[in-house]
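J.: pasting the structure only:
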């Protein structure tokens, strides 16, 4: 009986991470860990800003139609219309001390702003000759625009005038 001797081929050497390969691996990890998430967060932030701007414009357009037509059922002394959502923090106390009614009561159905806060409308400015603003508190959730502002939104507030 003949025995055959099989000779095993030598194992191929394992490739190890050398200097250039380690550097490339670290670079890829850094991109995945920091650059991509930053880009995603920036994109989300921009989308929310656009949504808030579109929300204030849509509410302003709807209010123009409603106020130009029949007089809606607005109780005397109403100074603010407020949409659904959390009531934002305010810098001008008049925003919080003003008598308010829901936007839905005058026929405007709107969701909260992209940060979950209520859109606010300083309807009292109509009687005082000021600018009526449809306002979102913006990303920080703080209304920094004065109640009777003629110059527009302040800081990161998002607003559309009712003209």
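T.: Done, it's in. Since we're looking at a predicted model, the values are computed, not measured.

J.: how about the helices in this protein?
T.: Ranges of helices within the chain are 19-30, 36-68, 93-97, 125-128, based on DSSP state H.

J.: which non-adjacent residue is nearest the spatially most central residue of the chain?
T.: Centroid-nearest residue in the chain: residue 48, 3.3 Å away (criterion: CA atoms, centre = their mean). Excluding its sequence neighbours, the residue lying closest to residue 48 (CB to CB, 6 or more residues apart in numbering) is residue 114, at 3.9 Å. Yep, even glycine has a C-beta here, placed from its N, CA and C like the rest.

J.: Number of residues surrounding the one you found?
T.: The number of residues packed near residue 114 is 21, by other CB atoms under 10 Å.

J.: Got phi/psi on it?
T.: In terms of degrees, to the nearest 10, the main-chain angles of residue 114 are phi -60, psi -10.

J.: doesn't residue 56 make contact with it?
T.: No - the pair residue 114 / residue 56 is not scored as a contact, 11.2 Å apart, by CB atoms under 8 Å.

J.: Give me the common contacts of the two.
T.: In terms of CB atoms under 8 Å, 6 or more residues apart in numbering, residue 114 and residue 56 are both contacted by the residues residue 136.

J.: Would you mind measuring from residue 57 to residue 159?
T.: Counting by CB to CB, to the nearest Å, the separation of residue 57 from residue 159 is 10 Å.

J.: okay, and the common contacts of those two?
T.: In contact with both residue 57 and residue 159: residue 134, using CB under 8 Å, 6+ apart.

J.: Who has more neighbours out of the two?
T.: In terms of neighbours (other CB under 10 Å), residue 159 is the more surrounded of residue 57 and residue 159; the figures are 27 against 14.

J.: Roughly how far does the residue lying closest to the more buried one once chain neighbours are set aside sit from residue 144?
T.: Leaving out its chain neighbours, the residue that sits closest to residue 159 by CB to CB, 6+ apart is residue 153, at 3.9 Å. Per CB to CB, residue 153 is found 8 Å from residue 144.
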